[in-house]
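> whatever this is, show me its structure:
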Amino acid sequence: MQKWMLSVSLSIFLLTGLSTSSFFLPDFLTLVIKNDAYTTAQLNFAVVQENKAALLYLFKQTKEGDKEWQKLAKKLAESDGEIAYELAGFYLKQTPFTKNVLDKNRINTEIPTSTELINIKQAKLWYQQAIRLNNANASIALAELNFQQGNMREAQNLLHKFQVTALSANQPNNDALGAIILITKISINMGGIKLVDALIGKYKALLQADELGALLLRSIGKYQILRFTDQVNIQGGSDYFTCGNSIQLFATNLLHLAQAEQLVKGFKHKPLNNLVCFSPVRYLPLSSMSCLLEKKEAIQCDESKFDEVGDSVTARFIGIMLPEGGANVHLGILYFDAQDNLDVIEHEVSHLLGFVDEYPLVKGHVKCQKSQKQIFAQNISILQTSYQGDRALIREKILKQLAWSKQIQKSTPILHTKEGTSQKDKFWQLGTPKEFDQEIGLYRSDTCAKNSAERQSSFTAFKPLSSRTKLQYDQLNFPPEYLAFLDKNSDHLLMPSFHYNIALAYYRKNKLVQANDWLEQAASWEKNDRRRERIRRGSF
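Residues are numbered from 1 along each chain as shown. As a prediction, this is how the structure comes out:
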């Protein structure tokens, strides 16, 4: 009866010839649609007039993602913040790149495809529209998306409106709690530890009651993120052991901390695993370091900055995962970036143990300026290329310059007659002949290949194996012969402890008191008196 009366009323209204914008027609159409009292003609007329109630009715009847659904969603999103928010979420679901945005647990480091980039752009546009229509969830979702993409400043700006430090510590709403979690993660990534401390101190109970909040608290404790503060103490709770070749890894954000942990686990399957040990991964704010980070350049940092963390490290070496930059080892510190895999890490760890690259070092490298006076590496010796004199005496002299001399059989030659001469002339070329290339001997390495032709003819780098190894190509295996070298020369060719790096950095700043203090700490790691004295002199 009611539906019939409304229909009659509308018919009478339409017969009056009044403009559709006059009086109460839009309100009337909205009313009959909301009360399910419309006719097909009324609904169709309302759709033509873009009546919101009619469009919303049709929208609810369509399947999410269909062309009609998208068309109606875009129209409704012009004035409806909730639908704009829903539309943005639809675009995010279309790309695997942003699948982790929804669980809010990590930053995505995958490279999106062109189609994914279009979807992400659409999602951002509709989140922005939802924000203009005062949808609070959209601010958090867009901030989360920016966080996932590493756009920390943009994410931070979107969350300013929440003013989380002024919220109730007892009962903030779900939006506010989501903002608290996200602001905390952003602050960790940007090194804003004071704000992290303040937020955890105020909202710890609420975070513990929330699944994502509790996960965040566990990460903060596990990685000792708040170790620089006194107000909050959340224990990590894991024991660890130290060994002579111990390494403490650091990372600068939550994703990289978890990634570094996976690298440590993966390292257990590498040949060098039995020769080193890792302490639990820890956090180090990027803001506390002063580093040059260029994708194609070796990472370089002001190593005096590590004095703030140095006293709390119980390992010989430290390794630091940074957002970008070229992996390298400088004395007792290993630098690598988040894109480096286990093969790269193993290669770099071998440098800490005394191995030198078998691919060309940079032009002008200090080790390639002249032949060596003493052994400096497990696998490389820089030696003269030709000799004159008694072959046996020359061999004895050369063997004293090789870390692997005891692994060379007496029957394996390391000298052969120089071209155009005979053994009677006593002119010798250094190197093991090709017919012995399956044995440990003396073979030319590319280490100093960037030297001038003149220099290479007078001295060059030699290695123990004729074959290529991981020291030349990361993808190759670490040769078992090199592992045997380490068993016999376990510590006398190690890099000095990271304390030496800090001492050197202070020395360069003419801060001699601090330099001497750190040299003494570096010396305490040495078992050999000769090495200990060398460290104290700063002559490593």
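> so where do the strands sit in the stretch 351-500 of the chain?
381-384, 386-388, 415-417, 427-430, 443-444, 459-463 (DSSP state E, counting those that start in this stretch).
> which of the ones you listed sits most buried?
strand 459-463 (a mean of 24; mean count of other Cβ atoms under 10 Å). In this view, the C-beta of every residue, glycine as well, is placed from N, C-alpha and C.
> before we move on, the earlier item: adding distance to residue 300, write the strands of the stretch 351-500 of the chain out as JSON lines.
Shown next, in JSON lines, are the strands of the stretch 351-500 of the chain (distance: least, Cβ to Cβ, whole Å):
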{"stretch": "strand 381-384", "distance to residue 300": "24"}
{"stretch": "strand 386-388", "distance to residue 300": "38"}
{"stretch": "strand 415-417", "distance to residue 300": "41"}
{"stretch": "strand 427-430", "distance to residue 300": "35"}
{"stretch": "strand 443-444", "distance to residue 300": "30"}
{"stretch": "strand 459-463", "distance to residue 300": "24"}
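> could I get those strands as TSV with distance to residue 121 and mean pLDDT?
Listed next are these as TSV, based on distance: least, Cβ to Cβ, whole Å; pLDDT from 0 to 100:
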stretch	distance to residue 121	mean pLDDT
strand 381-384	55	96
strand 386-388	65	93
strand 415-417	66	91
strand 427-430	62	92
strand 443-444	54	96
strand 459-463	52	95
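> which one of those strands lies closest to residue 524?
Closest of the strands of the stretch 351-500 of the chain to residue 524 is strand 381-384, at 29.6 Å (criterion: Cβ to Cβ).
> quick one, longest helix in this structure?
Assignment by DSSP state H gives helix 114-132 as the longest helix of the chain.
> could you give the angle of the next helix or strand after that one to helix 114-132?
Downstream of helix 114-132, the first helix or strand assigned by DSSP states H and E is helix 136-148. Put simply, helix 136-148 runs at 140 degrees to helix 114-132, going by axes from the mean of the first three to the mean of the last three Cα atoms, to 10 degrees.
> next SSE after helix 136-148?
Once the chain leaves helix 136-148, the next helix or strand it forms, by DSSP H and E, is helix 152-159.
> in the protein, which residue is most central in space?
residue 338 (2.6 Å; Cα atoms, centre = their mean).
> which of the three states applies to the closest residue to that residue other than its chain neighbours?
Spatial nearest neighbour of residue 338, excluding adjacent residues (Cβ to Cβ, 6 or more residues apart in numbering): residue 256 at 5.3 Å. Following DSSP: H, G, I helix; E, B strand; the rest coil, we place residue 256 in the helix state.
> residue 256 touches residue 337, doesn't it?
No: checked against Cβ atoms under 8 Å, the pair residue 256 and residue 337 is beyond contact range at 9.2 Å.
> how long is stretch 336-348 from one end to the other?
9 Å (Cα to Cα, to the nearest Å).
> how about the strands in the stretch 151-300 of the chain?
246-251, 277-283, 291-292, 300-301.
> pLDDT weak spots in the stretch 351-500 of the chain?
488-490 (pLDDT under 70).
> now swap in the stretch 151-300 of the chain and tell me
In the stretch 151-300 of the chain, residues with pLDDT under 70: 161-174, 227-242.
> hmm, try it at 80
Along the stretch 151-300 of the chain, segments meeting pLDDT under 80 span 160-176, 227-243.
> show me where it has its helices.
152-159, 174-190, 193-208, 211-222, 254-267 (DSSP state H, counting those that start in this stretch).
> how far off strand 246-251 does the last one point, in degrees?
When you say that, I think you mean helix 254-267. Using the same axes, to 10 degrees, the inter-axis angle of helix 254-267 relative to strand 246-251 is 150 degrees.
> for helix 254-267, packing partners?
For helix 254-267, the contact count by 3 or more Cβ pairs under 8 Å, 6 or more residues apart in numbering; DSSP states H and E identifies helix 174-190, strand 246-251, strand 277-283, strand 317-322, helix 342-352 as packing neighbours.
> what's it in contact with?
Helix 254-267 has contacts (Cβ atoms under 8 Å, 6 or more residues apart in numbering) with 106-107, 109, 185, 188-189, 219, 223, 249-251, 273, 276, 278, 281, 283, 321, 323, 338, 342, 345-346, 349.
> what angle do that helix and strand 317-322 make?
Using the same axes, to 10 degrees: helix 254-267 against strand 317-322 is 130 degrees.
> repeat that for the second one.
Using the same axes, to 10 degrees, the direction of helix 174-190 lies 130 degrees away from that of strand 317-322.
> show me what helix 174-190 is packed up against.
helix 136-148, helix 152-159, helix 193-208, helix 211-222, helix 254-267.
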